[in-house]
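# kindly return the folded structure for what I paste below:
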Amino acid sequence: MLMLAVFHLFFLLVTQASPLDQVLKYIDDHQDDYVKHLKEWVSIQSESGDPLKRDKVIEMVHIAGKAIESLGGSVELTDLGTEELPDGKMIPLPPVVLGELGTDPNKTTVCIYGHIDVQPARIEDGWATDPYVLTERNGKLYGRGASDDKGPVLAWLHAIEAVQALKQELPVNLKFIFEAMEESGSKGLEKILSEKNATYFSNVDYIVISDSGWLSSNPALTYGTRGLCYFLVEVQCAKQDLHSGLYGGVVHEAMTDLIALLDSLVNSTGHILIPDIDEDVVPLTNEEHLLYKTIEFNPEGFKDNIGATRLRHETKEDLLLHRWRFPSLSIHGIEGAFSGPGAKTVIPAKVIGKFSIRLVPDMDPNKVNRQVATYLSQVFAERRSPNKLRITLNNGSKAWVADVTDKQYVAGRRAISRVFGVEAELIRGGGTIPIVRMFQQTMQKSVMMLPIGGAGDAIHSQDESISRDNYINGTKLLAAYLAEISQL
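Next up is the predicted model:
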């Protein structure tokens, strides 16, 4: 009798489980299938920056489109035209995948963005295993694209499939936009967004992106990213390289000028020396500052992880503010200078210095460009050098920040609480993800970054990975988000 009573109790618990509970259990039960699916996607070397692998990138586009169709969605592969290579050869740009699943006018419509191209990866670069063979080791799934961004894209598709497998009705209408040129500047994507804004995207209520990661072991929502201005500073002193024994001491060397210009940009504390560069930075409020106090972040662990001997700031709050909330300037390299092993007594005829400024709200790239050009021209003039100076803004994009009280962030926080049993950390990103602002600016809709990747996933680096826990629980999180956003 006791066994029968226990059985009946178990039966009641199972049959009374909520639809979302059933979906979460289904995801747990099928996690090996999801890992196998990720292995298939990782095996495709969809490196958008390598013209010789363009066929693999296009193959990945078709696979992603078929995955949406397998869920019952309609798919349009939108042509982006061609791309001209440095040698003048024209090659096709991979199409953008536009998918749609559900058209109920009484439901919320969520647009999911992801990218299916990857950064280059070779085992000789220092990978422990073949980057295009998904390898599970110590709870982590190693492979190029596992975290950025094939794993998260698949997590969305698996979350939807789990709902359908249980014969449940999807709580929202879905639209998909998957691109395959994100790692190469999202060429052609902004044009597609503008052209389709009044038609395909007209009924979208929310846009959600999972192309980012957590800061710590705690799940997070990303509500801001910094913008970027990337500059080239070119100095030319002669028509060809010169021998230092014959010409050293008699010409104004381009390298000397360039070093002086680069040294004038930032001081040893990291303060940017360009006048008024931060005059448009939105003041930090007390309410915003409090957000940084609750974030889990270990300065000592961070320092040790990157191998630095000392950081510029000591407290957690100051470090995070300078990573996310304040502008920064970094010098990246000098083109044209001798950099190989051994000695070479050459005076370069032309050198190009490369540096960037990470922008924060409300800095404008065009204004920053004028400020940089004016300042460097003045520094150069004070040197009384006869050399030629050219300053070029290679690319510029504004920072992005969202309203964390928006309904979508409420849904994201509830979903994280539901799946992980903890409160979400609200974080910013120090890097630049132009697509986020592109969506917000073009479509004028709420955009949220809902990451499932971990803090140590090594995206863009050797041994990129995503933990099995993040991959599977992340799939649950995305399913829970769809349920939560449908109720707001």
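
# contacts and neighbour counts: CA atoms only from here.
Will do.

# now do the strands in the stretch 251-400 of the chain.
Remark: strands assigned in the stretch 251-400 of the chain by DSSP state E, counting those that start in this stretch are 328-335, 346-347, 350-359, 388-397, 400-401.

# dump the ones you listed to JSON lines, plus distance to P434, mean neighbour count and mean pLDDT.
Below are these laid out as JSON lines (distance: least, CA to CA, whole Å; neighbours: other CA atoms under 10 Å; pLDDT from 0 to 100):
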{"stretch": "strand 328-335", "distance to P434": "17", "mean neighbour count": "16", "mean pLDDT": "96"}
{"stretch": "strand 346-347", "distance to P434": "38", "mean neighbour count": "20", "mean pLDDT": "95"}
{"stretch": "strand 350-359", "distance to P434": "12", "mean neighbour count": "23", "mean pLDDT": "96"}
{"stretch": "strand 388-397", "distance to P434": "7", "mean neighbour count": "16", "mean pLDDT": "93"}
{"stretch": "strand 400-401", "distance to P434": "8", "mean neighbour count": "24", "mean pLDDT": "93"}
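
# quick one: closest of those strands to V447.
Set against V447 and scored by CA to CA, the strands of the stretch 251-400 of the chain come closest in strand 400-401, at 9.3 Å.

# mind listing the strands that closest one pairs with, and their directions?
When pairs are called by DSSP bridges, strand 400-401 turns out to pair with strand 220-225 (antiparallel).

# show me where the stretch 301-450 of the chain has its helices.
316-320, 365-382, 407-420, 434-443 (DSSP state H, counting those that start in this stretch).

# if we can go back for a sec, could you dump the strands of the stretch 251-400 of the chain to a markdown table with distance to T78?
Shown next, in a markdown table, are these (distance: least, CA to CA, whole Å):
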| stretch | distance to T78 |
| --- | --- |
| strand 328-335 | 36 |
| strand 346-347 | 50 |
| strand 350-359 | 32 |
| strand 388-397 | 25 |
| strand 400-401 | 27 |
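
# and the helices of the stretch 301-450 of the chain, which one is worst for confidence?
Mean pLDDT per stretch puts helix 434-443 lowest among these, at a mean of 89.

# list the buried residues of it.
434-440, 443 (16 or more other CA atoms under 10 Å).

# where in this structure is pLDDT low?
Counting by pLDDT under 70, the chain has low-confidence residues at 1-15.

# for stretch 120-131, C-alpha coordinates in PDB please.
Written as PDB, here are the backbone C-alpha positions of stretch 120-131 (Å, rounded to 0.1, in the frame of the first residue of the first chain):
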ATOM      1  CA  PRO A 120      39.900  31.700 -37.500                       C
ATOM      2  CA  ALA A 121      41.300  28.700 -35.500                       C
ATOM      3  CA  ARG A 122      44.200  26.400 -36.100                       C
ATOM      4  CA  ILE A 123      45.500  23.700 -33.800                       C
ATOM      5  CA  GLU A 124      49.000  25.100 -34.400                       C
ATOM      6  CA  ASP A 125      47.900  28.400 -32.800                       C
ATOM      7  CA  GLY A 126      48.100  26.600 -29.500                       C
ATOM      8  CA  TRP A 127      44.800  24.700 -29.200                       C
ATOM      9  CA  ALA A 128      44.900  21.600 -27.000                       C
ATOM     10  CA  THR A 129      42.500  19.800 -29.400                       C
ATOM     11  CA  ASP A 130      41.300  20.300 -32.900                       C
ATOM     12  CA  PRO A 131      39.200  23.500 -32.800                       C
END
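
# if we go by neighbour counts, what in it is buried?
For stretch 120-131, using 16+ other CA under 10 Å, the buried residues are 120-121, 127, 129-131.

# can you confirm V235 is in a strand?
Yes: applying DSSP: H, G, I helix; E, B strand; the rest coil, one finds V235 inside a strand.

# once you drop chain neighbours, what's closest to N366?
G396 (7.8 Å; CA to CA, 6 or more residues apart in numbering).

# and the one you found, how far from T109?
Distance, G396 to T109, by CA to CA, to the nearest Å: 31 Å.

# with Q408 instead?
12 Å.

# just to revisit the earlier point, isn't the residue nearest to N366 right up against R226?
No: contact criterion CA atoms under 8 Å: G396 and R226 do not qualify, at 11.2 Å.

# which element, helix or strand, includes L477?
Element membership for L477 (DSSP states H and E) is helix 468-485.

# mind giving me the packing neighbours of that helix?
Contacts defined by 3 or more CA pairs under 8 Å, 6 or more residues apart in numbering; DSSP states H and E place helix 468-485 against helix 19-29, helix 150-165, helix 407-420.

# need the ones you listed in TSV (columns: mean neighbour count and distance to N387).
Below are the helices and strands packed on helix 468-485 laid out as TSV (neighbours: other CA atoms under 10 Å; distance: least, CA to CA, whole Å):
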stretch	mean neighbour count	distance to N387
helix 19-29	17	65
helix 150-165	22	49
helix 407-420	21	54
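
# out of those helices, which is closest to R358?
Here helix 407-420 is closest among the helices and strands packed on helix 468-485 (CA to CA), at 25.1 Å.

# give the other helices and strands that that closest one contacts.
Using 3+ CA pairs under 8 Å, 6+ apart, helix 407-420 is in contact with strand 220-225, strand 446-449, helix 468-485.

# so which residues of the stretch 1-150 of the chain form strands?
Going by DSSP E, counting those that start in this stretch, the stretch 1-150 of the chain shows strands at 74-78, 82-84, 90-92, 96-101, 109-115, 135-137, 140-142.

# so what touches the third one?
Residues from elsewhere that reach strand 90-92 (CA atoms under 8 Å, 6 or more residues apart in numbering): 51, 54, 80-85.

# could you rerun that using 7 Å?
81-84 (CA atoms under 7 Å, 6 or more residues apart in numbering).

# also the last one?
Counting contacts by CA under 7 Å, 6+ apart, the residues outside strand 140-142 that touch it are 134-136, 463-468.

# need the max-distance pair from those.
D463 and R468 (14.8 Å).

# so the two - more neighbours on which side?
D463 (23 against 20; other CA atoms under 10 Å).

# from S217, how far off is that one?
Distance from D463 to S217, by CA to CA: 19 Å.

# nearest spatial neighbour of E169, chain-adjacent residues omitted?
Nearest non-adjacent residue to E169 (CA to CA, 6+ apart): V163, at 7.1 Å.

# the one you found reaches K25, doesn't it?
No: assessed by CA atoms under 7 Å, V163 is found out of contact with K25, at 10.9 Å.
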